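Participant: Okay, structure incoming, though there's no sequence with it:
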């Protein structure tokens, strides 16, 4: 083939894993959850599986663009993810704005939050004055602490990008206090 693409793996092509790649794909602190001592770690995986595992293992500041890995932001210039607690019709709600800047699928995040936190969650889209739309993830209750932990652990966002805004008259539960 022209361009020298014959050696590049694609789709289901197997990729042989060296020890460095095995450590990147299967972190040592998570191996006990996936494999017992009797089952060895894999020595090869399909290319699409390697690519998706590597992308999930990256911090939120890294993005894969055009087949290359590039750092979108430094930790000092991360766009803020706003956790805002407010009351609506007498009920406390916590909204999360700015997840779309990190490429997070907000619909999938709402489904994950429903099961992880055991509360209602919905997605609200409102048009911006300058064009486009603002996407908010709204969770039932004043839960900015639990929500921040979920964003850091499950979605791999950096804690320094979280910004908390709390409305007057909304009391958070002690176990949901945010520790930044």
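Facilitator: Looks like it came in fine. Quick caveat, the model's predicted, so the values are computed rather than measured.

Participant: Looking at residue 170 now. What's its pLDDT?
Facilitator: We have a pLDDT of 63 for residue 170.

Participant: Also residue 77?
Facilitator: Note on residue 77: pLDDT of 65.

Participant: Burial check on the residue nearest to residue 82 when sequence neighbours are not counted, number of neighbours?
Facilitator: The shortest distance from residue 82 to any non-neighbouring residue, by CB to CB, 6 or more residues apart in numbering, is to residue 97 (4.5 Å). (Glycine included, C-beta is placed from N, CA and C.) Counted with other CB atoms under 10 Å, the neighbours of residue 97 add up to 20.

Participant: Likewise for residue 151?
Facilitator: Residues lying near residue 151 (other CB under 10 Å) number 25.

Participant: Show me the shaky parts of the chain.
Facilitator: Filtered on pLDDT under 70, the chain yields the residue ranges 1-10, 29-39, 55-78, 130-131, 167-180.

Participant: for it, what spans make up the helices?
Facilitator: Applying DSSP state H to the chain gives helices spanning 19-25, 31-34, 47-57, 106-117, 144-153.

Participant: Could you say which of those is packed most deeply?
Facilitator: Using mean count of other CB atoms under 10 Å, the stretch among those with the largest mean neighbour count is helix 144-153, at a mean of 20.

Participant: for it, packing partners?
Facilitator: strand 81-88, strand 91-97, helix 106-117, strand 162-166 (3 or more CB pairs under 8 Å, 6 or more residues apart in numbering; DSSP states H and E).
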